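**Student:** what follows is a predicted structure for the sequence shown.
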Amino acid sequence: MGLIRLDKYLADMQIGTRSEVKKLIRAGKVQVGGHVCKNADEKFDPEQTEVMVDHVLVGYAAYEYFMLNKPKGCVSATEDNRYPTVLDYISQHKRKDLFPVGRLDLDTEGLLLITNDGALAHELLSPAKHIPKTYEAKIDGIVTQADVELFAQGMDIGEKKFTKPAKLVILKANVISHVQITIYEGKFHQIKRMFEAIDKPVLELKRISMGALALDEQLEPGEYRPLTEEEIEYLRQRG
Ligand code: URA
């Protein structure tokens, strides 16, 4: 990942602000590669070098990746003055530049990836990649085979173009139906608008997967965990 300045390294790892960490460095409290370093702009390779502050190792996390089971009632943003944000749920993290990859509506639950890896997020959100996103939904109305076919053909939701073919699976058809739906694009309120177009409103919506990444069933709404190395790897391969 290349070289990094000592003061930036310590600030990124939230040891303090740039000026606070400079003070620590000047005071001789910081060791780089086993030697006291009093030079804030010392550059080194964080993957090869141990940094200690007051003899405690400060490991470097270049990127962080979390899976959140987003609860209802929070916004997919980094700040908001009305609602809690999805970042408020990530209590243990090293980096302060985290953001959610894409958006779920205020009342939508489920899988949301939180990271500071902008390049990966960009790849995953790129319309050209057609990353499938699968949701479970409760629908007000009886969902029929005719709806399945309509969703598969693509439909008019008031955009210039019809939606791309979506896969609708009926889990239970009743006054309130349960369905699973996979879309390959991400227009604003897309799923709600698709069901509005057939006059069967969405009552509840939960994302259960994004590409090969599935929501961990152990996570209750509001809970999160870091992604495993394997999960990060297959997101990179899809990206
Ligand atoms: N489609 C919606 O309508 N809402 C979401 O939150 C996600 C997809």
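**Tutor:** Sure thing, it's come through. Residues are numbered from 1 along each chain as shown.
**Student:** excluding chain neighbours, what is closest to I114?
**Tutor:** By the measure of CB to CB, 6 or more residues apart in numbering, the closest residue to I114 outside its immediate chain neighbours is F66, 4.4 Å from it. Any C-beta I mention is one placed from the backbone N, CA and C, and that applies to glycine too.
**Student:** sorry, wrong one. I was asking about D156.
**Tutor:** F162 (5.8 Å).
**Student:** what's the distance between I139 and the ligand?
**Tutor:** Plainly put, I139 is 12 Å away from the ligand if you go by CB to the nearest ligand atom, to the nearest Å.
**Student:** who's that residue bridged to?
**Tutor:** Here I139 sits in beta bridges with S177, V202, going by DSSP bridges.
**Student:** which residues touch it?
**Tutor:** Contacts for I139 (CB atoms under 8 Å, 6 or more residues apart in numbering) come out as 176-179, 195, 200-203.
**Student:** related to what we said a few turns ago, what's the helix or strand hosting the residue nearest to I114 packed up against?
**Tutor:** If you go by DSSP states H and E, F66 is part of strand 65-70. Identification of packing neighbours for strand 65-70 by 3 or more CB pairs under 8 Å, 6 or more residues apart in numbering; DSSP states H and E yields strand 109-115, strand 224-226, helix 229-238.
**Student:** which of the ones you listed sits most buried?
**Tutor:** Mean neighbours per residue, mean count of other CB atoms under 10 Å, is largest over the helices and strands packed on strand 65-70 for strand 109-115, with a mean of 23.
**Student:** who's in contact with that strand?
**Tutor:** 63-72, 76, 86-87, 90, 98-102, 104, 121, 124, 135, 204-210, 213-215, 221, 224, 227, 235.
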